[in-house]
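Asker: Based on what follows, work out the 3D shape:
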Amino acid sequence: MQIDDAADYIILCCEEKGLFLNLLKLQTLLYYCQAFHLAQHDTPLFMGAFNAGIFGPKNLSLQQRFRGTYSQFSDITLNDVLPNSIWPDEHDRAHIDSVLEAYASLSSDQLSDIVRHEVPWLRARQECPDTEICQRDIDETLMRDFYRHQQEWYAIEKKEKRSENTDVPTFCVDEIRGWPQYVQALADHYGCVHITKPDGARMATIYGLEKESSTFK
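Answerer: Coordinates of the predicted model:
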């Protein structure tokens, strides 16, 4: 599959569900599609690396497609679907749909906040100032291992109902801007940290990393 085909499928799905989509959100959704495919199948969903952009992961090929007519925050609609798009097969559609179910209802700002709290993006940008462009790609092996680990934690949480544990810290997404390392440190200590929307609705859970795992040292 080509990344443009996956992008056009996401555009169609968001349009059908009445969900707002801009270039930043599209880039992040594609990143999660790629990351979880690596985690589940050990292979990429499509070819193409993601750069550690200031606002989150950025595929340069997709960025080039919209260059000159769109900023990161410009709306994307059905009018932007390429006429020669090849729709994903049933397996790939099911995978993309599962990612959209988890993330597509979030805004681009919320997705940016979440992905910039996670190890793969942080590791790629660790030597880059917050406001400067980073040319380093996010490592796909780290993406695979980190999101596989997240899925394992989710399975444990679901089985043991860890999400009902009142000892798990909860933060509003507006409170955690600018200090992702601290949130990750708390997640490492408690096992997971809940992130909520300003209205109190659960938005995401940041999972801790096993300290004995050499992958994240």
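
Asker: Please enumerate the strands of the chain.
Answerer: For the chain, the strands defined by DSSP state E cover 51-52, 57-58, 170-172, 192-196, 202-207.

Asker: Pull out the buried positions in stretch 18-29.
Answerer: L21, N22, L23, L24, K25, L26, Q27, T28, L29 (16 or more other C-beta atoms under 10 Å). For every residue, glycine as well, the C-beta is placed using N, CA and C.

Asker: who's in contact with that stretch?
Answerer: 7, 10-11, 13-15, 50, 53, 55-59, 62-63, 66, 70-77, 99-100, 103-105, 107-108, 111-112, 115 (C-beta atoms under 8 Å, 6 or more residues apart in numbering).

Asker: one step back: turn the buried residues of stretch 18-29 into a markdown table, columns for distance to D130 and pLDDT.
Answerer: Below are those laid out as a markdown table (distance: C-beta to C-beta, whole Å; pLDDT from 0 to 100):
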| residue | distance to D130 | pLDDT |
| --- | --- | --- |
| L21 | 26 | 94 |
| N22 | 21 | 94 |
| L23 | 20 | 93 |
| L24 | 16 | 94 |
| K25 | 20 | 96 |
| L26 | 23 | 96 |
| Q27 | 18 | 96 |
| T28 | 18 | 96 |
| L29 | 23 | 97 |
